[in-house]
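Undergrad: Got a sequence here, can you build the structure:
(one chain, ligands or ions: 5)
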Amino acid sequence: MANCVRCCCWLLVLTLMALAVAAAVVFVRYRNGGQVFPIPGMPGAVDRKYGAALAIALHFFQVQKSGKLVNNTIPWRGDSALDDGKEAGLDLSKGMYDAGDHMKFGFPMAFTATMLSWSVLEYGEAMRAANQRDSAMDALQWIMDYLVNAHPSDDVLYIQVGDPEVDHKCWERPETMTEKRPLTKITPKSPGSDVGAETAAAMAAASLVYKPINKTYSSSLLDHGERLFAFADKYQGSYTRTFPELSTFYNSSTYQDELLWAASWLYHATGNHSYLRYATGKNANDFADLGNPRFFSWDDKRAGTEVLLSRVSFFASQGSDVAQDNVLRLYKQTADAVMCILLPDSETAAFRTEGGLLYVAEWDSLQHPVASAFLAAVYSDYMLTSGKTELSCSGQSFSPADLRQFAKSQADYVLGNNPMEMSYLVGYGDKYPERVHHRGASIPADVDTGCDGQKWLESSKPNPNIATGALVGGPFKNDTFVDKRENVVHNEATTYNSALIAGLLSALLSTSSLSESLS
Ligand SMILES: *[C@@H]1O[C@H](CO)[C@@H](O)[C@H](O)[C@H]1NC(C)=O
Ligand SMILES: *[C@@H]1O[C@H](CO)[C@@H](O)[C@H](O)[C@H]1NC(C)=O
Ligand SMILES: *[C@@H]1O[C@H](CO)[C@@H](O)[C@H](O)[C@H]1NC(C)=O
Ligand SMILES: *[C@@H]1O[C@H](CO)[C@@H](O)[C@H](O)[C@H]1NC(C)=O
Ligand SMILES: *[C@@H]1O[C@H](CO)[C@@H](O)[C@H](O)[C@H]1NC(C)=O
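TA: Ligands and ions are numbered 1, 2, ... in the order given. Okay, here's the model as predicted:
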């Protein structure tokens, strides 16, 4: 009895301390070129489940590293692709392999960096409290080193290393690759505004991350970002129209969404209103398709842009120009509409499976729910931090807690709360995919297959190496899953998926929501 009284007291003291830390953190603001970057999230009260899952998810970036490894702890990984970029006199050895293959595709790799940066900006303190910030920064740095080297002059950006036709036919470990790895670049004559602008977005977002850490480096990233944006805007075109042979891989449906996304990041990073006007002026009319909610993905950045620009509206001081900007208001209204399709009880709710998973596409089916859940968690925190308690969806009213609940439900589905009772995050829980479509994981570390390791692809045995942190494509629409290595639709992991799940888990690290603690 006495013990219990004592422990209740301690609980109360701990709770009060956590609340004090939370309250202090909520009012911390990073000032960035006139824009404020508040930190939602509450370090000091870390949810252990999400903390453990985050550590696992971030591990996948170690698995995917190309180049000369530093302090490698994975016994089956080693140096690889050391000569990437040499034919152009560049060091493109770093960066990350795209998925279960060894391509370095610039378009999704830059998106990975943008999303990692966004996560660190919003939830860096929570990541630090969970001891995961260094790991996220290590991954980000490895990609930024590559992207900086890939942009050797104003109007040249290397967007790919490797020939996807050759690469995809070779089943081998990255450490034993001998095939030629040709380079692809965009130039004024061969434009690629989508990949150029996504890389500009990555540079701008990362420059914000590094601003409090290393000013010189941060400015140089920003400089790359501004020059890349100017290049992408001046010479407009889609990289998969310029290189039609690449359209069977990461086909970019439009490039205008990336231009708006990059301009929005550059506005946050510089405070220069010309970037804001880029996104709110004529381009908003021509490209943004405001009013129509969409899903966020490596191909379509519109929902992300709407949420990112809504941050400007949420935190604008009353009476300021930005608070009165009608187009910014439309961006925010569209972000609201995106949230409304995500909430399961909303009249405009999008389809979800029996098991409760938001389901948009079968190929890489977890991409959309995880990306959407990240946006919902961020939006919920913007609402709470700016004191907004209500989201209106065609007459129905929802709260930030409803958005957070949706975000949690998708994360929990991924981690095992689903009809298969399995985790789709490799290494988390006791049941997860064992035959992930991943060359390195499927071939024993002492085997040199040459290009011809087909038998390891076709083997029915579990992978000899565990690709810890891989988030596989995901289940069928009926919540079932087939753990076969040849099943690229459901059982391949991608580097950008890991950035999305890492962002979502970071957003969920803090254990209680502000609405409960501060109202
Ligand atoms: C690698 O490990 C050494 C020794 O622990 C440490 O000093 C160094 O900072 C590490 N390097 C990186 C890039 O983490
Ligand atoms: C800042 O970053 C630059 C470029 O990566 C590096 O050379 C320099 O050592 C860094 N400075 C500090 C203080 O870390
Ligand atoms: C790529 O996207 C363009 C534009 O949406 C479309 O016309 C084309 O059919 C797509 N190509 C492939 C191979 O999916
Ligand atoms: C803002 O950006 C525009 C376009 O990139 C540039 O021309 C202008 O000089 C910048 N303004 C400031 C104050 O830096
Ligand atoms: C689930 O859907 C897949 C694809 O449509 C189908 O092949 C499979 O048989 C279904 N499984 C069950 C249990 O209904």
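
Undergrad: For the nearest residue to Ser117 once chain neighbours are set aside, pull up the helix or strand it's in.
TA: Spatial nearest neighbour of Ser117, chain neighbours left out: Ala205 (3.6 Å); criterion: Cβ to Cβ, 6 or more residues apart in numbering. For the C-beta atoms, the positions are set from N, CA and C on the backbone; glycine is no exception. Using DSSP states H and E, Ala205 sits in helix 193-210.

Undergrad: helices and strands around that helix, which ones?
TA: For helix 193-210, the helices and strands in contact under the criterion 3 or more Cβ pairs under 8 Å, 6 or more residues apart in numbering; DSSP states H and E are helix 106-129, helix 133-149, strand 157-161, helix 215-234, helix 239-242, helix 256-270.

Undergrad: who does the second one touch, helix- and strand-wise?
TA: Packing contacts for helix 133-149, counted by 3+ Cβ pairs under 8 Å, 6+ apart, involve helix 48-63, helix 106-129, helix 193-210, helix 215-234.

Undergrad: do the longest one and ligand 3 meet?
TA: No - among the residues of helix 106-129, none lie within reach of ligand 3 under Cβ under 6 Å from any ligand atom; the closest is 12.6 Å away.

Undergrad: Return the residues of the chain in contact with ligand 2.
TA: Applying Cβ under 6 Å from any ligand atom, one finds that the chain approaches ligand 2 through Asn214, Thr216, Tyr217.

Undergrad: just the strands in this structure please.
TA: For the chain, the strands defined by DSSP state E cover 29-32, 35-38, 104-105, 157-161, 183-186, 391-393, 396-398.

Undergrad: what separates the fifth one from the chain centre, distance-wise?
TA: On the basis of Cα atoms, centre = their mean, to the nearest Å, the separation between the geometric centre of strand 183-186 and that of its chain is 24 Å.

Undergrad: strand partners of it, parallel vs antiparallel please.
TA: Strand pairing for strand 183-186, using DSSP bridges, gives strand 157-161 (antiparallel).

Undergrad: The third one too?
TA: Each strand pairing with strand 104-105, determined using DSSP bridges, is listed with its direction: strand 157-161 (antiparallel).

Undergrad: May I have the partner strand as CSV, with CA atoms only?
TA: What follows is strand 157-161, C-alpha atoms only, in CSV (Å, rounded to 0.1, in the frame of the first residue of the first chain):
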residue,chain,number,x,y,z
LEU,A,157,22.7,17.3,-62.5
TYR,A,158,23.5,13.6,-62.6
ILE,A,159,20.3,11.8,-62.0
GLN,A,160,21.2,8.2,-62.3
VAL,A,161,24.0,5.7,-61.9
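
Undergrad: Need the contact partners of that strand.
TA: Outside strand 157-161, the residues within contact range by Cβ atoms under 8 Å, 6 or more residues apart in numbering are 81, 84-85, 88, 90, 92, 95, 103-107, 150-152, 181-186, 192, 195-196, 199, 228, 231, 239, 246.

Undergrad: And the pLDDT for Arg46?
TA: Not quite, residue 46 is Val, not Arg. Looking at Val46, its pLDDT reads 86.

Undergrad: Contacts only, for Tyr428.
TA: Ala52, Ala53, Ile56, Leu415, Gly416.

Undergrad: how near is it to Ala57?
TA: 8 Å (Cβ to Cβ, to the nearest Å).

Undergrad: ok, now Ala303?
TA: Using Cβ to Cβ, we find Ala303 at a distance of 22 Å from Ala57.

Undergrad: what do you get for Glu362?
TA: Taking Cβ to Cβ as the measure, Glu362 falls 22 Å from Ala57.

Undergrad: more crowded one of these two?
TA: Ala57 (32 against 13; other Cβ atoms under 10 Å).

Undergrad: correct me, but that one touches Ala502?
TA: Yes - applying Cβ atoms under 8 Å, one finds Ala57 in contact with Ala502, separated by 4.7 Å.

Undergrad: quick one, helices of the stretch 401-519 of the chain?
TA: 439-442, 454-458, 488-491, 495-507, 514-518 (DSSP state H, counting those that start in this stretch).

Undergrad: Over to the stretch 251-400 of the chain?
TA: With DSSP H, counting those that start in this stretch as the criterion, the stretch 251-400 of the chain has helices spanning 256-270, 273-280, 282-283, 302-315, 321-324, 326-342, 367-385, 400-415.

Undergrad: could you dump these to TSV with mean pLDDT, distance to Trp171 and mean neighbour count?
TA: Converted to TSV, the helices of the stretch 251-400 of the chain look like this (pLDDT from 0 to 100; distance: least, Cβ to Cβ, whole Å; neighbours: other Cβ atoms under 10 Å):
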stretch	mean pLDDT	distance to Trp171	mean neighbour count
helix 256-270	97	33	27
helix 273-280	97	44	20
helix 282-283	92	44	13
helix 302-315	96	34	24
helix 321-324	90	52	14
helix 326-342	97	38	21
helix 367-385	96	24	27
helix 400-415	97	28	22
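
Undergrad: So for Ala129, which of these sits nearest?
TA: Nearest to Ala129, of all those, is helix 367-385, at 15.5 Å by Cβ to Cβ.

Undergrad: Output the contacting helices and strands for the closest one.
TA: Packing contacts for helix 367-385, counted by 3+ Cβ pairs under 8 Å, 6+ apart, involve helix 106-129, helix 302-315, helix 326-342, helix 400-415, helix 495-507, helix 514-518.

Undergrad: average pLDDT for the longest one?
TA: Summarised as a single mean, pLDDT over helix 106-129 is 96.

Undergrad: Show the secondary-structure elements that it is packed against.
TA: Using 3+ Cβ pairs under 8 Å, 6+ apart as the contact criterion, the elements in contact with helix 106-129 are helix 133-149, strand 157-161, helix 193-210, helix 367-385, helix 495-507.

Undergrad: Any stretches of this protein with poor pLDDT?
TA: The model of the chain has pLDDT under 70 over residues 1-44, 511-519.

Undergrad: Point out the residues in it that sit beside ligand 3.
TA: Contact residues, the chain versus ligand 3 (Cβ under 6 Å from any ligand atom): Thr240, Ser247, Thr248, Asn251, Ser253.

Undergrad: how much space is there between the second one and Asp194?
TA: Applying Cβ to Cβ, one obtains 12 Å for the distance of Ser247 from Asp194.

Undergrad: ditto for the fourth one
TA: According to Cβ to Cβ, Asn251 and Asp194 sit 10 Å apart.

Undergrad: contacting residues for the closest residue to Ala303 other than its chain neighbours?
TA: Leaving aside its sequence neighbours, Ala303 sits nearest to Phe296 (Cβ to Cβ, 6+ apart; 4.0 Å). Phe296 makes contacts with Arg302, Ala303, Gly304, Val338, His368, Ala371, Ser372, Leu375, as judged by Cβ under 8 Å, 6+ apart.

Undergrad: How about the contacts made by Pro475?
TA: Per Cβ under 8 Å, 6+ apart, neighbours of Pro475: Thr353, Gly355, Leu357, Ser365, Asn418, Met420, Tyr424, Phe481, His490.

Undergrad: Cool, thanks, signing off.
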